[in-house]
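In: sequence first, then the predicted structure, then my questions.
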Amino acid sequence: MSGQAMAAAVHVESHYAPPSGGLARLRGIGIGLAVVGGAACAVGAFTDPEQFFRSWLPAWIFWLQIALGSLGLAMLNQLTHGAWGILVRRVFEAAAATLPLCFVLFLPIALGIDHVFEWAHAEAVAEDPILQAKAAYLNVPFFLGRAILYFGIWIALAGLARRWSLAQDRTGDPALFHRMRTLSAAGLILFVLSVTFASFDWLMSLDPHWFSSIYGVQFVGAAAVAALAFAIVVSRWLVTTEPMSRIFKPKHHQDHGTLLFAFLLLWGYFMVSQFIIIWSANLPEEITFYMHRQSGGWQWLSVVLVVLHFALPFLLLLSPAIKRNPKRLAAIAVLLLVMRWLDVQWQAAPNFHHAVTLHWLDLAAVLAVGGAWLAMFAWKLGGASLLPVHDPFLPEAIAHE
């Protein structure tokens, strides 16, 4: 270990407290948004219950993707020990720690299944041979049971990883390092499998006649983009505070930008692959997904996603100068977060509306869920040191240049 790295590690260990004032403001903003958005959603639930449930689902999935992607990236970093993840590990852990809240916020979906999913109607199943063939999987009790299983896996993984990570801060026990690696190795397998099936349940089954074998990995890639973009935005704020302002270097931001570029390519590859496979096969049971999104104004949102979710960020992230600039990189990350919300809307809403419709409940729901989520994230981030001070790879991560 170099002398510079050792000095940096000692400095960090003595100045690792999170910025309490900024986190308190974020909690306050989150609670305010949750109250305003929640009140609007309560009105909508009484005046237009069907639209309320159909707006709540994509809003919930958008924030859930950030939490899930953060869990996956935290486990990935435990296996790779890259400097890109060590400095923002606590951001990933705090975001993943919101999964119990996400489970609570699943309750409206559980209560409104028949407003959202066609296969939940017994009369629809009775008249449709395809739904009858899928009824052993697509039925309400099994759907809810699977949701409980998914969240049980995710909450257990996130809880154990955070508990052991904080214990490592307190004790420096080397055994915890190996325990977290073992958990992450097995956890990533469970994570990918469970997230894949969850995407089938909560998004793909909105059109139960349509299917895509690549849909699950596309959802995993999207979650990685969302989580890393969120971590970049948070790190942009952290570099304005101590101790992170003296720890983050341009190389760290460049690594985040490079990884964001890689996950963006991965997501784009899955999306294009799905389109090419379905287009080349030209099967009636597959092409409906794109037919619904090539009319009624949805085709323009498709163009917006191609340009702003992929093409423009792709070109901008080619520049090392942009990736090394935290302000510019954060601007790209904000753009991608907005596009992630629009992409989830693009995935879900055409199953409900043949023409593009932005209902006020769509905005109310994303504020209600997002406000509660941000408040809990700020609380969890403030409950631990900003850096894993006894991680054996931390000194090298700080000296990374």
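Out: That came through fine.

In: so the closest residue to Val116 other than its chain neighbours versus Ile66, what's the distance?
Out: Ranked by Cβ to Cβ, 6 or more residues apart in numbering and with sequence neighbours excluded, the top spatial neighbour of Val116 is Phe53, at 5.2 Å. (Each C-beta comes from the backbone N, C-alpha and C, glycine too.) Using Cβ to Cβ, to the nearest Å, we find Phe53 at a distance of 22 Å from Ile66.

In: also Leu283?
Out: Distance of Leu283 to Ile66, computed by Cβ to Cβ: 34 Å.

In: out of those two, which sits in the busier spot?
Out: Ile66 (26 against 9; other Cβ atoms under 10 Å).

In: may I ask which helix or strand encompasses the more buried one?
Out: If you go by DSSP states H and E, Ile66 is part of helix 49-80.

In: quick check: next helix or strand after that helix?
Out: helix 83-86.

In: just name whatever secondary elements that following helix is in contact with.
Out: helix 49-80, helix 250-281, helix 394-398 (3 or more Cβ pairs under 8 Å, 6 or more residues apart in numbering; DSSP states H and E).

In: so which of those is nearest Pro243?
Out: Using Cβ to Cβ as the measure, helix 394-398 is the one of the helices and strands packed on helix 83-86 that comes nearest Pro243, at 9.9 Å.

In: list the buried residues for whatever helix or strand Ala186 lives in?
Out: Assigned by DSSP H and E, Ala186 falls within helix 174-202. Residues 176-177, 179-180, 183-184, 187-188, 191, 194-202 are the ones in helix 174-202 that count as buried (16 or more other Cβ atoms under 10 Å).

In: now do stretch 46-54
Out: Gln51, Phe52, Phe53, Arg54.

In: now these in a markdown table, with pLDDT?
Out: Putting these into a markdown table (pLDDT from 0 to 100) gives the following:
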| residue | pLDDT |
| --- | --- |
| Gln51 | 96 |
| Phe52 | 97 |
| Phe53 | 97 |
| Arg54 | 96 |
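
In: relative to Gln218, which of these is nearest.
Out: For those, the closest approach to Gln218 (Cβ to Cβ) belongs to Arg54, at 21.6 Å.

In: hmm, the closest one is touching Asp114, no?
Out: No. Judged on Cβ atoms under 8 Å, Arg54 makes no contact with Asp114 at a distance of 11.8 Å.

In: tell me, what's touching these two both at once?
Out: Here Arg54 and Asp114 share no contacting residue, scored by Cβ atoms under 8 Å, 6 or more residues apart in numbering.

In: span of stretch 122-130 from start to end?
Out: For stretch 122-130, the first-to-last residue distance is 13 Å (Cα to Cα, to the nearest Å).

In: next: stretch 306-315.
Out: 12 Å.

In: mind listing what's buried along it?
Out: For stretch 306-315, a neighbour-count test (16+ other Cβ under 10 Å) marks His309, Phe310, Pro313 as buried.

In: which residues touch the first one?
Out: If I follow you right, that is His309. Contacts of His309 by Cβ under 8 Å, 6+ apart are Leu336, Met339, Arg340, Leu342, Asp343.

In: go on, Ala110?
Out: Ala110 touches Leu144, Ala147, counting by Cβ under 8 Å, 6+ apart.

In: shaky segments in the stretch 201-350 of the chain?
Out: Of all residues in the stretch 201-350 of the chain, none has pLDDT under 70.

In: per-residue pLDDT, Leu190?
Out: pLDDT, Leu190: 98.

In: same check on Ala7?
Out: At Ala7, pLDDT is 45.

In: and for the one 5 residues further on?
Out: Turning to Val12, the model gives it a pLDDT of 41.

In: any idea how far the helix holding Ile66 is from the middle of the chain?
Out: The chain centroid and the centroid of helix 49-80 are separated by 4 Å under Cα atoms, centre = their mean, to the nearest Å.

In: how about stretch 79-90?
Out: In terms of Cα atoms, centre = their mean, the gap separating the centre of stretch 79-90 from the centre of its chain is 17 Å.

In: repeat that for stretch 85-101.
Out: Here stretch 85-101 is found 11 Å from its chain centre; the criterion is Cα atoms, centre = their mean.

In: check stretch 287-300 too.
Out: Worked out by Cα atoms, centre = their mean, stretch 287-300 lies 25 Å from the chain centre.

In: start and end of that stretch, how far apart?
Out: End residues of stretch 287-300 are separated by 18 Å (Cα to Cα).

In: stretch 298-309 now?
Out: 15 Å.

In: so what's Ala226 up against?
Out: Phe62, Gln65, Ile66, Gly69, Leu336, Leu337, Arg340.

In: among those, who's most crowded?
Out: That'd be Gly69 among those, by other Cβ under 10 Å, with 29 neighbours.

In: using CSV, list the CA coordinates for stretch 34-51.
Out: Taking Å, rounded to 0.1, in the frame of the first residue of the first chain, the C-alpha atoms of stretch 34-51 are listed here in CSV:
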residue,chain,number,x,y,z
ALA,A,34,-45.1,12.0,-0.5
VAL,A,35,-47.8,14.0,1.3
VAL,A,36,-48.7,16.1,-1.8
GLY,A,37,-48.6,13.2,-4.2
GLY,A,38,-50.3,10.8,-1.8
ALA,A,39,-53.2,13.2,-1.2
ALA,A,40,-53.6,13.6,-5.0
CYS,A,41,-53.5,9.8,-5.4
ALA,A,42,-56.1,9.3,-2.6
VAL,A,43,-58.4,11.7,-4.5
GLY,A,44,-57.7,9.8,-7.7
ALA,A,45,-58.3,6.4,-6.1
PHE,A,46,-61.9,7.5,-5.2
THR,A,47,-62.7,9.4,-8.4
ASP,A,48,-61.0,7.2,-10.9
PRO,A,49,-59.8,3.9,-9.3
GLU,A,50,-58.9,2.2,-12.5
GLN,A,51,-56.6,5.0,-13.6
